[in-house]
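Novice: Generate coordinates for the sequence data below:
(chains A and B)
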Amino acid sequence: MKLLMEPIDVAEQPAGPARFCWRGRLYEVERILETWTSRTQWWTASAAGASDDKREYYLLLTTHGVMEIFYSPRGWMLSRLLD
Amino acid sequence: MIFCSSHFSFLRSPSSPEELASRAAELGLKALCLVDVNGVYGAVRHQRACRARGLKPLIGCTVMVGGMPTRIVARSRSGYASMNRLLTNLHSLEQPAFETAEPLRDLEDCYVLTVGEQGLEIPANLSLRRVVVLAVLHSRKPGQGLAADRMVRLAKMKSLPVCIAPFINYARQDEYMAYDVMTCTRLGITIFDPHPERPVNDEECLKSEEELRSLLPYPEAFAFTHTMIDDCEEFDILPGHVTPPCARVPDTTTPEHLLRELCASALVRKYRNQQKAEELLKHELEVICDLKLADFFLVVKEIVDEARRRGIRCSGRGSAANSIVAYLLDITGVCPIRHNLLFERFLHRGRKGTPDIDVDFDSDRRHEIIAWMEQRFGQEQTAMTATLIMYRARMAVRDAAKALGWPMDVVNKLSKSVPSFTNKDIAEFADNLREALGTTQIGRNPAKHTHVPLLDVLLRVVEKLLDHPRHLGQHSGGMILSSKPLTYFTPVQRSANGVSVVQFDKDDVEAMGLVKFDVLGLRMLACISEALELIERTGTDEYRDTEAEWDKFESLDDSAVYELIRSGQTLGVFQIESQGQMHLLAQHQPETFDDLVTEVALFRPGPLQGGMVNPYIRRRRGQEPVRYIHSDLEPLLNDTLGIVLFQEQVLDIAHHFAGMPLDEADDFRALISKNRDAKAMEVMHEKFVKGAMQRGVDKASAELVYEKVSHFVGYGFCRSHAAAFAKIVYQSAWLKRYYPAAYMAAFMQHRPGMYNLMTLEEEAKRFGVPVLPPDINLSGTRYSLSAAEHAHNASAGKGSSSTQRIGIQKPLTSIKLVTEDMARMIVWERAARTFESAEDVVARLRLPADVYDSIALSGALDSLEGNARRALWIVSLLSSSSHKLTNAGSSAARDAQQRLSSSAIAESLIPLLPPIKAPERLAYDYMTHGAARVHPMALYRRMLTDFEIRPIEMVWSLPALSPYPSVPLSICVAGIVILRQSPPTAHGVLFVTIEDETGFVQCVVQPRERELYERELRQAALIVKADVVRIGSAVHGARQGWRGLVVREVRILNNVIGGYSGHLQMNGGLDTQALGFGDNNNASEDHGHSEYQREGKFFALVQDGHKHSE
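Specialist: Next comes the predicted model:
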């Protein structure tokens, strides 16, 4: 497993990510294995509720292996590569 | 169906049952199951909330089984009782968790929902209708989706049903923040600390079925969940009728008949069949029997009779005193006809639930009656009511600030900057909090990229925490008595002090139809009982005519007692000992028992805040005419001169003036008293005015009457309660008037009042009662009476000025470090043979060395050795040697110790010691038994006189008028601060009571002077220059009426005469807020005891006083 935290570009379908581009290479999503969310720094949100700590995670089986990506108000990130 | 936890899981959810039910209804759910952790605390409110919103309420709980959360859902009423038994067993464990699934075997008619394989171990028994379910959970946490898949596969393999059961801990997503803070508070960590129990997202909120179906693609699980909902019965834990305990009634009669018989015979005895009493009794009995409460009254009578049989003093209080039935059964001691008490304030046909009968018991022996009740009604049928400890402003700020990571000193500052309770929005205290934080408010947020100051976060969190329960407490006296085992209604758990407590508060208990009886402990009753015992035990001349005077004690009309009360010498008298009450007494000048009832009721937040006190006093003293806003009010308010003073009058006005039915009028009274629900108040306002107008009252008058009545906010007494308390006021004043020694001794023993021991001893001396220091051969384990050699001039009290007077003998337990066990040991040893010397004491007792030192310094060995210095020397020599030898541990050492203990100490080992000087004696007294035999101010008197600082008694002897009309009468006095008060009703005025060797006086510090002398006013001893305020006149210089001082200037006494660290308080510590002494600690070096060196601050006073007096 490798921790990355790098920005990626993602093409979405209603069910979730369909493919994404990381370091100039395109990755096709074959199956969404699991999804979950996280929110661990709620105190950084303003009183109006706008929060940038909320993340939507996807564990994906791609053409190049299992990868974990997430979406937050700052955009899409690739967080982990799984062996 | 959704399974959710409410805030009754205590720090595991920020949502109330009502919030959960509202949200569930919004989401279109059909049923809601409450599964709070380890209990069914919220069941009553959950059932009500669901029914009000058209949801099917199901009741369950969550318990830990084998380390996994397991949810149990009751299928029926018997399943609920079975679950309660399981929870009762759970709470009997050291840690509330089951190691295995075995205890679940006894469950009946319940569903058990497990999330792990350990659930499969629970033996299924279909005859008991128990079903094991694998719960699929999904709170969008990592790994949960895969786990759900595994669970479904496992269930298929084992042929077990699967249901949908996500963990729901709050109603709406935005409550996640409060949930996280509560979790951190529960775990004792901050939000910056990782912990597996902390939430990782905000998904544990209520969700619609559609949303859940999108997350959990298991249609068969949803189908089974609906089957479960339909299968569970909608049983009722709110029966709408009362389940009273069974009274002891002979087989030949019924409870109703027995009650009528008992009342009828008492009616002849107490009223000689007076017609009014007969009519009242008939009416009350009809209501009581209609409401099926005859058993309840008989049970209370049985308890009160048992207490009296055991000689335990008790007294009914509260609204029960409005009932002639309670009076005839001797539950209460106040005649409702004589005092014009309204039965409907206590009970009426519209009343929901059981009425409150509160009985005060001698606090010293209350446990005896509780033990008897448990034995009489059965351990399984008796338990105490719980109390919900809710988050109030100060506690919420404290918990939130801790969880947000501020250091403890800042947390303390923050929590002290808000009131403990307030109706205001917490945001209104933002400035206070900002001020408490100083510069730490911004920039301490360790989260990067944040622009949100942590103070704003704190305010948001506090707002969310307020009014949610934090933990469960135990009611002060609400004992539930049931005819069925309590587990039929509720689980029973043990409190920290080993008392059985149910899981519901008094309102829920009442809603469940259970009967609660308030067994309250009142220290004043213990004080009165002990005083009477002391009087009976003391067969001296002074106490010879007790029997003859006994009637006066009960008659409530002794003019000498009212004289004492009017004189304001009420320190130690029940309810009227505060400076505020003394001030009111001087104005009110009570002459009769009715005046005492009024006096007690006047000094309450309701009348005080409603501005009713001064008009009443003026009318009572004939200084203004009695007026009524409307003529219809005259019959309702004529005995309180047109002023609303009692709760019954609010009820009366709502009923008779505004035409409300009695139950609605009672709701109106309760609402007015609480004054918390502005919307409900507005509805009542409209109803009140409309009702009055329908009775022909004009709108303006109706509005005016409403305005006056609505001022009766905050806590006010009901007349019956005031009358019950006034009786104790009279009896305590009677005892103080005629038997000051016995009364003050009992008072010092039980300490039911607000003053420190030194002030109590000074008060005893002012009443001619010497207070004798502890003595190893005379003192017992309690304050007692003893013949004293020294005569004092009695300002009041009975008896001659002979040199033999009854004095108060301080007990051995009053000596610092001497425990009750040690005192018993000393008395036991003395019972064999009196102690002959300090050596004898050390030889025959096995006490720690520091206890011997304390005993010697207290003067308890003076009768054996002449003075404390010599006694201290001897016990130190013997006890330190024996200590060393004991530590040596060998048998030879123990023999040596024996020899040393048994041998006479050589006189050569004791040097020629100087006698103890008065200041030293004073210091030793303070340190070892909390009060000195000489008031500290007496040591400074000569020097104070040089500064024209007068004794406080002179405040009373000043002429009535200043010789110069434009100049107010002023005086300069000095004293030790014995009380500091700044009630919210005083609008920033500080009341400081100072005391010297001649008396005490209240100093009124206006806000301007308070600000100007803030530092000085925090000190333990003050000099004040002040204008004298007087109410009532002095008779031959004796203390009469009230005198106060309006402070103009303040100086710290230390700055003039040296240091003083403050005297000991009854709850421990010193009565001072800030210590500003000199560094003169040297006096303690004289005797070389390090323990006393640590307390050497006190010697600064002694030394300086000594120097000056020399």
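Novice: what's residue B:83 in contact with, if anything?
Specialist: Going by CB atoms under 8 Å, 6 or more residues apart in numbering or on different chains, residue B:83 touches B:40, B:59-61, B:72, B:74, B:107, B:110, B:491. Every residue, glycine included, has its C-beta placed from N, CA and C.
Novice: From those, which shows the smallest pLDDT?
Specialist: Across the contacts of residue B:83, the smallest pLDDT goes to residue B:107, namely 86.
Novice: what about that residue, distance to residue B:619?
Specialist: Distance, residue B:107 to residue B:619, using CB to CB, to the nearest Å: 67 Å.
Novice: So for these two, which sits in the more crowded spot?
Specialist: Using other CB atoms under 10 Å in any protein chain shown, the more surrounded residue of residue B:107 and residue B:619 is residue B:107, with 21 against 17.
Novice: hmm, who's touching the top strand by length along chain A?
Specialist: Longest strand in chain A, counting residues (DSSP state E): strand A:25-39. Identification of contacts with strand A:25-39 by CB under 8 Å, 6+ apart yields A:15-21, A:51, A:53-64, A:66-67, A:70, B:140-146, B:176, B:200-203.
Novice: Same check on stretch B:975-984?
Specialist: B:579-580, B:754-756, B:758-759, B:936-937, B:952, B:988-996, B:1000-1002, B:1017, B:1019-1022, B:1060, B:1062-1063, B:1071-1073.
Novice: Out of the residues you listed, which end up buried?
Specialist: Buried subset of the contacts of stretch B:975-984 (neighbour count, 16 or more other CB atoms under 10 Å in any protein chain shown): B:579-580, B:755-756, B:758-759, B:936-937, B:952, B:989-996, B:1000-1002, B:1017, B:1019-1022, B:1060, B:1062-1063, B:1071-1072.
Novice: Can you pull up the residues of the stretch 651-800 of chain B that come close to chain A?
Specialist: Nowhere does the stretch 651-800 of chain B come near chain A, counting by CB under 8 Å from any CB of the partner chain.
Novice: Got phi/psi on residue A:5?
Specialist: Backbone torsions of residue A:5, given as degrees, to the nearest 10, read phi 60, psi 60.
Novice: how close does the residue nearest to the spatial centre of chain A get to chain B?
Specialist: Centroid check for chain A by CA atoms, centre = their mean gives residue A:70 as the closest residue, at 1.8 Å. Noted for residue A:70: a distance of 11 Å to chain B, by CB to the nearest CB, to the nearest Å.
Novice: Contact partners for that residue?
Specialist: Taking CB under 8 Å, 6+ apart as the criterion, residue A:70 is in contact with A:38, A:55-58, A:76-77, A:79.
Novice: other SSEs contacting the helix or strand hosting residue B:178?
Specialist: Per DSSP states H and E, residue B:178 falls inside helix B:176-187. On a contact count with 3 or more CB pairs under 8 Å, 6 or more residues apart in numbering or on different chains; DSSP states H and E, helix B:176-187 meets helix B:393-403, helix B:454-465.
Novice: Quick check: the two most widely separated of the contacts of residue A:70?
Specialist: Pairwise distances across the contacts of residue A:70 peak at 14.9 Å for A:38 and A:76 (criterion: CB to CB).
Novice: what pLDDT does the closest residue to residue A:1 other than its chain neighbours get?
Specialist: Leaving aside its chain neighbours, residue A:1 sits nearest to residue A:82 (5.4 Å; criterion: CB to CB, 6 or more residues apart in numbering or on different chains). If you check residue A:82, the pLDDT there is 87.
Novice: Residue A:82: what's it in contact with?
Specialist: Here residue A:82 is in contact with A:1, A:59, A:65-68 (CB under 8 Å, 6+ apart).
Novice: if we can go back for a sec, other residues contacting whichever helix or strand comes after the longest strand of chain A?
Specialist: Following strand A:25-39 in sequence order, the next helix or strand is strand A:54-62 (DSSP H and E). For strand A:54-62, the external contacting residues (CB under 8 Å, 6+ apart) are A:16-17, A:27-39, A:66-73, A:79, A:82, B:142, B:201-202.
Novice: Mark which of these are buried, thanks.
Specialist: Buried members of the contacts of strand A:54-62, counted by 16+ other CB under 10 Å: A:17, A:27, A:29, A:32-39, A:67-72, A:79, B:142, B:201-202.
Novice: If we go by neighbour counts, what in whichever strand or helix holds residue B:476 is buried?
Specialist: Following DSSP H and E, the helix or strand that holds residue B:476 is strand B:469-481. Under the neighbour-count criterion of 16+ other CB under 10 Å, strand B:469-481 has B:469-470, B:472, B:474-475, B:477-481 buried.
Novice: related to what we said a few turns ago, now, the buried ones among the contacts of stretch B:975-984 that are in strands?
Specialist: B:990-996, B:1000-1002, B:1021-1022.
Novice: Just flag the most distant two among those residues.
Specialist: Spatial extent of these (CB to CB) is set by the pair B:990 and B:996 at 19.7 Å.
Novice: so where is chain A shaky, pLDDT-wise?
Specialist: Applying pLDDT under 70 to chain A flags the ranges A:46-52, A:83.
Novice: Could you do the stretch 1-150 of chain B as well?
Specialist: B:1, B:116-132.
Novice: Would you mind naming what in it lies close to chain A?
Specialist: So the stretch 1-150 of chain B meets chain A at B:140-146 (CB under 8 Å from any CB).
Novice: Including secondary structure, could the contacts of residue B:83 go into a markdown table?
Specialist: Output for the contacts of residue B:83, formatted as a markdown table (DSSP: H, G, I helix; E, B strand; the rest coil):
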| residue | secondary structure |
| --- | --- |
| B:40 | coil |
| B:59 | strand |
| B:60 | strand |
| B:61 | strand |
| B:72 | strand |
| B:74 | strand |
| B:107 | coil |
| B:110 | strand |
| B:491 | coil |
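Novice: out of those, which one sits closest to residue B:607?
Specialist: Nearest to residue B:607 among the contacts of residue B:83: residue B:40, at 41.2 Å, using CB to CB.
Novice: List the contacts of residue B:820.
Specialist: If you count contacts by CB under 8 Å, 6+ apart, residue B:820 has them with B:781, B:813.
Novice: next one: residue B:348
Specialist: Neighbouring residues of residue B:348 by CB under 8 Å, 6+ apart: B:287, B:662-663, B:666.
Novice: Which among the residues you listed count as buried?
Specialist: Taking 16+ other CB under 10 Å as the criterion, what is buried in the contacts of residue B:348 is B:287, B:662, B:666.
Novice: Sort those residues by pLDDT and name the bottom one.
Specialist: Among these, residue B:662 has the lowest pLDDT, at 80.
Novice: Now the phi/psi pair for the closest residue to that residue other than its chain neighbours, please.
Specialist: Take residue B:662 and drop its neighbours on the chain: the residue closest to it by CB to CB, 6+ apart is residue B:348, 4.5 Å away. Dihedral pair for residue B:348: phi -150, psi 170, per degrees, to the nearest 10.
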